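Undergrad: From the sequence below, what's the structure:
(one chain, ligands or ions: 1)
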Amino acid sequence: MNEDRLKKWKEQRQKRKQSLNHDELLAGILAGDLQSLSSGITLLESDKAVDKKIAQQLVTSCLKHSGNSIRLGITGVPGVGKSTFIESFGQTVVQRGYKIAVLAIDPSSERSGGSILGDKTRMNKLSVLENAFIRPSAAGKSLGGVARKTRESIVLCEAAGYDFILIETVGVGQSETMVHSMVDFFMLLMLAGAGDELQGIKRGIMEMADALIITKADGDNLLKARRAKKEYENAMHLFPPNKNGWIAKTLVASAYENYNIDKAFDIVESYENHTKVNGSFFQKRKEQDKYWLHETIADILMSDFYSAERLVKAIVEVEKEVVEGNMSSFEGAEKLMDLYKKE
Ligand code: GDP
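TA: Sure thing, here's the model as predicted:
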């Protein structure tokens, strides 16, 4: 692109941005317009006060049109085959007549400067489908910030009529726990024969899984994958039962050969039936809403506390006292809280 064209393009884009108002965006989103949905999510991610205001109004307006999707979390270590699986799974969802949105979370992206979906050209086949929407990673300074953006993006996607919302995250760190607390169904992808430790998958994450999928079950790997499935099945028997009565499923699948991808979808559907019949589906969502209410309060308080000018010096002083053993951590915290509450 030459300079002139680039300038023109930027001007046009700027104009488009300025003309984005709440009503236009809302109408676009409700009509299922991809551009409006994209712009809405961009506003959610913006740090500008004007954008934030419109974004907030938009979320509130979309809220009453939301809730009608199945929210799926998907995790696994880098290289396990997440994006390849999602590409194949997403096509299955679309073939069955549904719309799917894929959102990605990568809390580390702020540091690495990249994003899980953004780095590679991924999901080429899925991204061109009319009924698929793919949004690269929501990055942010804090996990709480990323969580909020993702939760709000889910609301916008639901208002735009997506039946399945898939949230992808990398299988390291705390992001799984966060994703788990915002989805209906949690899927863990694993490799055969790599060993749990090698994969960095903690027992806690396996316990959260509603389905465990052994990926790359093709060629020489198929037998190994089947063996791994048995082992995981045995291990998972020992976990405490889910309170919603669902027994976690294990499956071997190959995205390359499109093997058992439809089964993965069937598992999700049977989970939906199971939990909607026994009432736990909406109960879980209510609990999640409550959880996020308190998480958000904690987040707001934390950021208010740490951004308070009057505390900056005191925090450093108390930290020093604590480190030098002159004050206990609890005493120090109470002292700072007293100071915080004073004004
Ligand atoms: P991610 O980092 O978890 O998203 O993993 P990718 O989807 O990028 O896949 C990692 C590597 O595994 C790539 O080289 C893929 O081509 C390969 N891969 C993904 N799915 C399969 C599969 O079903 N079978 C085989 N044999 N390889 C796969």
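Undergrad: So what's the residue count around the residue nearest to Ile205 when sequence neighbours are not counted?
TA: Once flanking residues are discounted, Ile205 sits nearest to Glu176: 5.2 Å by C-beta to C-beta, 6 or more residues apart in numbering. For the C-beta atoms, the positions are set from N, CA and C on the backbone; glycine is no exception. Neighbour count of Glu176, defined by other C-beta atoms under 10 Å: 24.
Undergrad: check contacts around Glu176.
TA: Gly73, Thr75, Thr169, Phe186, Ile205, Met208 (C-beta atoms under 8 Å, 6 or more residues apart in numbering).
Undergrad: Now do the same for it: its pLDDT.
TA: pLDDT, Glu176: 82.
Undergrad: Tell me the backbone dihedrals of it, please.
TA: With angles defined as degrees, to the nearest 10, Glu176 sits at phi -60, psi -40.
Undergrad: could you check the distance from it over to the ligand?
TA: If you measure Glu176 against the ligand using C-beta to the nearest ligand atom, to the nearest Å, the figure is 14 Å.
Undergrad: just to revisit the earlier point, closest one of the contacts of Glu176 to Glu317?
TA: Set against Glu317, the nearest of the contacts of Glu176 by C-beta to C-beta is Thr169 (38.5 Å).
Undergrad: So what sits opposite that closest one in the bridge?
TA: When bridges are called by DSSP bridges, Thr169 pairs up with Thr75, Ile105.
Undergrad: Tell me the spacing between it and Ile74.
TA: According to C-beta to C-beta, to the nearest Å, Thr169 and Ile74 sit 7 Å apart.
Undergrad: got it, and Gly40?
TA: Between Gly40 and Ile74 the computed distance is 23 Å (C-beta to C-beta).
Undergrad: do Asn242 as well
TA: 18 Å.
Undergrad: Any stretches of the stretch 1-150 of the chain with poor pLDDT?
TA: 1-3, 5-19, 106-122, 137-141 (pLDDT under 70).
Undergrad: Show me where it has its strands.
TA: Under the criterion DSSP state E, counting those that start in this stretch, strands of the stretch 1-150 of the chain are mapped to 70-76, 100-105, 132-138.
Undergrad: Out of these, the one nearest Arg285 is which?
TA: strand 70-76 (8.7 Å).
Undergrad: Identify each buried residue in that closest one, please.
TA: By neighbour count with 16 or more other C-beta atoms under 10 Å, strand 70-76 contains the buried residues Ile70, Arg71, Leu72, Gly73, Ile74, Thr75, Gly76.
Undergrad: what about the residue of the stretch 101-250 of the chain at minimum distance from the ligand, helix or strand, and which?
TA: Here the stretch 101-250 of the chain gets closest to the ligand at one residue, Lys216, 3.7 Å apart by C-beta to the nearest ligand atom. Per DSSP states H and E, Lys216 falls between elements, in no helix or strand.
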